[in-house]
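K.L.:
following is a predicted model, sequence given first.
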Amino acid sequence: ISAKTGFNVLEIINNLRYLPSPKGDVEKKFKGVLFDLWYDKFRGVISLFKIVDGTLEVGDKIQSYYSKIENKSIEKQIELNKIWEVQEVGILGCKEGIGKEPRAVKKLYAGQVGYVILGCKSLRDLLPGDTFFSSSVPDEERVPVKGFKSPQSMVFA
(Lines give C-alpha, C1' and ligand atoms only; values in the text may rest on other atoms or scores of the structure.)
Protein backbone atom coordinates (compact mmCIF):
# COMPACT_ATOMS: atom_id res chain seq x y z
CA ILE A 1 0.00 0.00 0.00
CA SER A 2 1.29 3.44 -0.86
CA ALA A 3 -0.64 6.65 -0.42
CA LYS A 4 2.12 8.43 -2.30
CA THR A 5 1.91 6.32 -5.46
CA GLY A 6 -1.65 5.06 -5.01
CA PHE A 7 -0.57 1.40 -5.10
CA ASN A 8 -3.44 -0.80 -3.73
CA VAL A 9 -5.40 2.19 -2.39
CA LEU A 10 -8.38 1.44 -4.65
CA GLU A 11 -8.39 -2.17 -3.43
CA ILE A 12 -8.67 -1.01 0.18
CA ILE A 13 -11.45 1.44 -0.63
CA ASN A 14 -13.41 -1.30 -2.43
CA ASN A 15 -13.11 -3.57 0.62
CA LEU A 16 -14.40 -1.00 3.11
CA ARG A 17 -17.94 -2.28 2.52
CA TYR A 18 -17.00 -5.51 4.32
CA LEU A 19 -16.33 -3.69 7.60
CA PRO A 20 -19.18 -4.07 10.08
CA SER A 21 -21.29 -0.98 10.62
CA PRO A 22 -21.22 0.68 14.06
CA LYS A 23 -23.70 -0.63 16.59
CA GLY A 24 -26.00 1.74 18.45
CA ASP A 25 -29.62 2.70 18.85
CA VAL A 26 -30.70 6.22 17.89
CA GLU A 27 -34.00 5.69 19.76
CA LYS A 28 -32.26 5.42 23.16
CA LYS A 29 -31.15 8.40 25.24
CA PHE A 30 -27.68 9.80 24.61
CA LYS A 31 -24.64 7.80 25.70
CA GLY A 32 -21.18 8.66 24.42
CA VAL A 33 -17.50 8.21 25.15
CA LEU A 34 -15.10 11.14 25.32
CA PHE A 35 -11.86 9.90 23.78
CA ASP A 36 -9.82 13.02 23.05
CA LEU A 37 -9.81 16.74 23.80
CA TRP A 38 -7.72 19.82 23.21
CA TYR A 39 -7.83 23.50 24.05
CA ASP A 40 -8.56 26.19 21.48
CA LYS A 41 -7.85 29.73 22.66
CA PHE A 42 -10.99 31.08 20.94
CA ARG A 43 -13.51 28.29 21.62
CA GLY A 44 -12.29 26.65 24.83
CA VAL A 45 -12.09 22.89 25.17
CA ILE A 46 -13.03 20.91 22.07
CA SER A 47 -13.77 17.26 22.78
CA LEU A 48 -14.11 14.25 20.50
CA PHE A 49 -16.95 11.84 21.25
CA LYS A 50 -17.98 8.46 19.94
CA ILE A 51 -21.78 8.38 20.10
CA VAL A 52 -22.73 4.95 21.48
CA ASP A 53 -26.52 5.41 21.67
CA GLY A 54 -29.02 8.16 20.92
CA THR A 55 -28.29 11.52 19.35
CA LEU A 56 -26.53 14.69 20.46
CA GLU A 57 -27.44 18.21 19.36
CA VAL A 58 -27.02 21.82 20.44
CA GLY A 59 -28.87 22.55 23.67
CA ASP A 60 -28.75 18.98 25.01
CA LYS A 61 -27.64 18.63 28.61
CA ILE A 62 -25.14 15.87 29.33
CA GLN A 63 -23.30 14.61 32.39
CA SER A 64 -20.15 12.62 33.00
CA TYR A 65 -20.52 9.22 34.64
CA TYR A 66 -17.50 9.85 36.85
CA SER A 67 -18.73 13.27 38.00
CA LYS A 68 -21.38 11.34 39.99
CA ILE A 69 -18.78 9.31 41.88
CA GLU A 70 -16.80 10.73 44.76
CA ASN A 71 -13.42 9.26 43.99
CA LYS A 72 -10.45 10.91 45.70
CA SER A 73 -8.14 10.30 42.74
CA ILE A 74 -10.38 12.29 40.38
CA GLU A 75 -12.35 14.47 42.81
CA LYS A 76 -10.06 17.48 42.40
CA GLN A 77 -9.99 17.14 38.63
CA ILE A 78 -13.69 17.24 37.83
CA GLU A 79 -16.55 19.14 39.39
CA LEU A 80 -19.01 16.72 40.98
CA ASN A 81 -22.49 16.55 39.42
CA LYS A 82 -21.63 19.10 36.72
CA ILE A 83 -24.16 19.20 33.88
CA TRP A 84 -22.84 20.49 30.57
CA GLU A 85 -24.96 22.14 27.90
CA VAL A 86 -23.88 21.31 24.35
CA GLN A 87 -22.97 24.49 22.45
CA GLU A 88 -21.86 22.98 19.14
CA VAL A 89 -21.54 19.57 17.50
CA GLY A 90 -19.81 18.69 14.28
CA ILE A 91 -17.52 16.41 12.37
CA LEU A 92 -13.89 16.79 11.42
CA GLY A 93 -12.99 16.69 7.77
CA CYS A 94 -9.66 16.93 6.06
CA LYS A 95 -8.49 19.85 4.01
CA GLU A 96 -5.41 19.35 1.93
CA GLY A 97 -2.38 20.97 3.52
CA ILE A 98 -4.29 22.24 6.58
CA GLY A 99 -5.25 19.15 8.58
CA LYS A 100 -8.50 18.73 10.46
CA GLU A 101 -11.24 21.11 9.48
CA PRO A 102 -14.34 21.21 11.73
CA ARG A 103 -17.76 21.34 10.12
CA ALA A 104 -20.76 22.00 12.35
CA VAL A 105 -23.78 19.71 11.93
CA LYS A 106 -27.27 19.72 13.46
CA LYS A 107 -26.95 16.33 15.17
CA LEU A 108 -24.55 13.50 15.83
CA TYR A 109 -26.13 10.02 15.68
CA ALA A 110 -25.33 6.65 17.28
CA GLY A 111 -22.23 5.19 15.64
CA GLN A 112 -20.78 8.54 14.61
CA VAL A 113 -17.65 10.23 15.88
CA GLY A 114 -17.59 14.00 16.11
CA TYR A 115 -16.46 17.04 18.04
CA VAL A 116 -18.50 18.61 20.82
CA ILE A 117 -18.08 22.03 22.42
CA LEU A 118 -19.48 22.19 25.94
CA GLY A 119 -18.36 25.65 27.05
CA CYS A 120 -15.65 24.06 29.15
CA LYS A 121 -12.69 26.36 29.84
CA SER A 122 -10.20 23.90 31.34
CA LEU A 123 -8.86 20.52 30.19
CA ARG A 124 -8.97 19.40 33.84
CA ASP A 125 -12.78 19.44 33.85
CA LEU A 126 -13.10 16.45 31.50
CA LEU A 127 -11.54 12.98 31.57
CA PRO A 128 -10.66 11.17 28.33
CA GLY A 129 -12.27 7.73 28.32
CA ASP A 130 -15.22 8.83 30.46
CA THR A 131 -18.78 7.93 29.51
CA PHE A 132 -21.31 10.75 29.19
CA PHE A 133 -25.09 10.41 29.42
CA SER A 134 -28.09 12.61 28.84
CA SER A 135 -28.70 14.36 32.17
CA SER A 136 -32.26 12.97 32.13
CA VAL A 137 -31.04 9.35 32.40
CA PRO A 138 -31.62 8.06 35.96
CA ASP A 139 -28.49 7.07 37.90
CA GLU A 140 -29.51 3.40 38.10
CA GLU A 141 -29.64 3.18 34.28
CA ARG A 142 -26.15 4.64 33.77
CA VAL A 143 -23.74 1.89 32.77
CA PRO A 144 -20.35 3.19 31.61
CA VAL A 145 -18.56 1.83 28.57
CA LYS A 146 -16.03 -0.77 29.71
CA GLY A 147 -12.34 0.02 29.80
CA PHE A 148 -12.18 3.36 31.64
CA LYS A 149 -9.74 3.59 34.51
CA SER A 150 -9.57 6.72 36.63
CA PRO A 151 -6.22 8.50 36.35
CA GLN A 152 -3.63 7.92 39.05
CA SER A 153 -1.19 10.63 40.08
CA MET A 154 2.40 9.61 39.43
CA VAL A 155 5.71 11.24 40.08
CA PHE A 156 8.63 10.39 37.84
CA ALA A 157 12.04 11.08 39.27
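P.N.:
That came in fine, so what should we check first? Numbers count the residues shown, from 1 in each chain.

K.L.:
least confident secondary structure element in this protein?
P.N.:
Sorting the helices and strands of the chain by mean pLDDT, DSSP states H and E puts helix 72-75 at the bottom, at a mean of 50.

K.L.:
the longest helix seen in the chain packs against which elements?
P.N.:
In the chain, ranked by residue count with DSSP state H as the criterion, the top helix is helix 9-15. Using 3 or more CB pairs under 8 Å, 6 or more residues apart in numbering; DSSP states H and E, no helix or strand is in contact with helix 9-15. In this view, the C-beta of every residue, glycine as well, is placed from N, C-alpha and C.

K.L.:
downstream of that helix, the next helix or strand is which one?
P.N.:
Downstream of helix 9-15, the next assigned helix or strand under DSSP states H and E is strand 31-40.

K.L.:
in that following strand, what's buried?
P.N.:
Going by neighbour count (16 or more other CB atoms under 10 Å), the buried part of strand 31-40 is 31-34, 37.

K.L.:
report how many residues lie close to I46.
P.N.:
19 (other CB atoms under 10 Å).

K.L.:
just confirm it is within a strand.
P.N.:
Yes: assessed by DSSP: H, G, I helix; E, B strand; the rest coil, I46 belongs to a strand.

K.L.:
give the bridge partners for it, please.
P.N.:
Counting by DSSP bridges, I46 is bridged to W38, I117.

K.L.:
my read: it touches L118, true?
P.N.:
No: applying CB atoms under 8 Å as the test, I46 and L118 come out as separate, 9.1 Å apart.

K.L.:
overlap of the contact sets of those two?
P.N.:
Common neighbours of I46 and L118, counting by CB atoms under 8 Å, 6 or more residues apart in numbering, are absent.

K.L.:
neighbours of I13, just the number please.
P.N.:
Close neighbours of I13, defined as other CB under 10 Å, add up to 9.
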